[in-house]
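**Q** Build me a structure from this.
(one chain, ligands or ions: 1)
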Amino acid sequence: MEKIIFISFPRTNNLLLVRFLKFLFKDDFCSQYHNCGTVPCTCNPQKKLSKTFDFELDIPITDDNFYMYIENEDKIKNIEYYFHFWLFVNNIHEKNYSKYNDKIQNIIQYYDKLHKKYSTKKSNILHVYSQDFEKNPQETLNKVFLFLKPVISIEKIQETKEYINELSFHNYVAKKSENDLYDYIKNFMNQQHSE
Ligand SMILES: [Zn+2]
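**A** Predicted coordinates for the structure are as follows:
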């Protein structure tokens with residue numbers, strides 16, 4: 001049975017996509033927060049969709065599965081939001097970010113590998129940006145829907161079209177950057193390039 005693997009860069013604004021996928025897959029959705037979140041799913045091997053961060057970058061890409069990857073179109077924001085979250089969970093209020101350059105470096109490396117892995121041009125990999133859902137929510141959901149159509153039942157197809165038409169998209173507002181942190185990471189990345 002083919003599976004859908006939904007990979008998101010951590011802290012990407014993906015609520016609309018998650019909501020849409022929950023509508024499509026309901027109890028067949030295995031989330032890394034509420035279920036086992038491993039690939040393949042261990043809570044119920046019949047579940048169709050697994051959501052993961054692929055932290056170990058060890059999820060195999062096979063021809064029979066469908067892969068959806070979402071990230072922010074601005075590389076710096078990916079690093080910033082994840083690093084900001086890391087500071088938050090570790091209860092760090094320090095503004096001297098240079099103490100954590102190693103962590104920033106780790107996040108950049110993880111981002112680069114994840115981005116490269118899922119940027120491979122294959123018909124069973126869909127790469128989307130969180131901004132796609134902000135700029136053109138309806139069109140982007142339709143794109144996701146078409147991509148997943150081979151695994152969606154006929155009955156679900158009409159229901160899905162109605163669901164997309166009825167969604168009110170203004171509820172999904174993007175996060176804002178912390179400017180000092182954004183600039184810090186931008187400079188950090190520029191320095192790396194010039195070294
Ligand atoms: Zn599971």
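**Q** Now the phi/psi pair for the nearest residue in space to residue 77 that is not next to it in sequence, please.
**A** Distances taken as CB to CB, 6 or more residues apart in numbering place residue 177 nearest to residue 77, at 6.3 Å, with adjacent residues excluded. In short, each C-beta sits where N, CA and C put it, glycine included. Backbone torsions of residue 177, given as degrees, to the nearest 10, read phi -80, psi 150.
**Q** quick one, helices of this protein?
**A** For the chain, applying DSSP state H gives helices covering 15-25, 75-89, 101-118, 130-135, 137-148, 154-166, 179-194.
**Q** Would you format those helices as a markdown table with mean pLDDT included?
**A** What follows is the helices of the chain, written out as a markdown table (pLDDT from 0 to 100):
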| stretch | mean pLDDT |
| --- | --- |
| helix 15-25 | 92 |
| helix 75-89 | 96 |
| helix 101-118 | 98 |
| helix 130-135 | 93 |
| helix 137-148 | 93 |
| helix 154-166 | 87 |
| helix 179-194 | 89 |
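**Q** Close to the ion: what parts of this protein are there?
**A** 30, 35-36, 41, 43 (CB under 5 Å from the ion).
**Q** Give me the buried entries from those.
**A** 30, 35, 41 (16 or more other CB atoms under 10 Å).
**Q** just to revisit the earlier point, next one: the residue nearest to residue 77 from residue 42, what distance?
**A** Going from residue 177 to residue 42 by CB to CB, to the nearest Å gives 37 Å.
**Q** Repeat that for residue 25.
**A** Relative to residue 42, and taking CB to CB, residue 25 is found at 17 Å.
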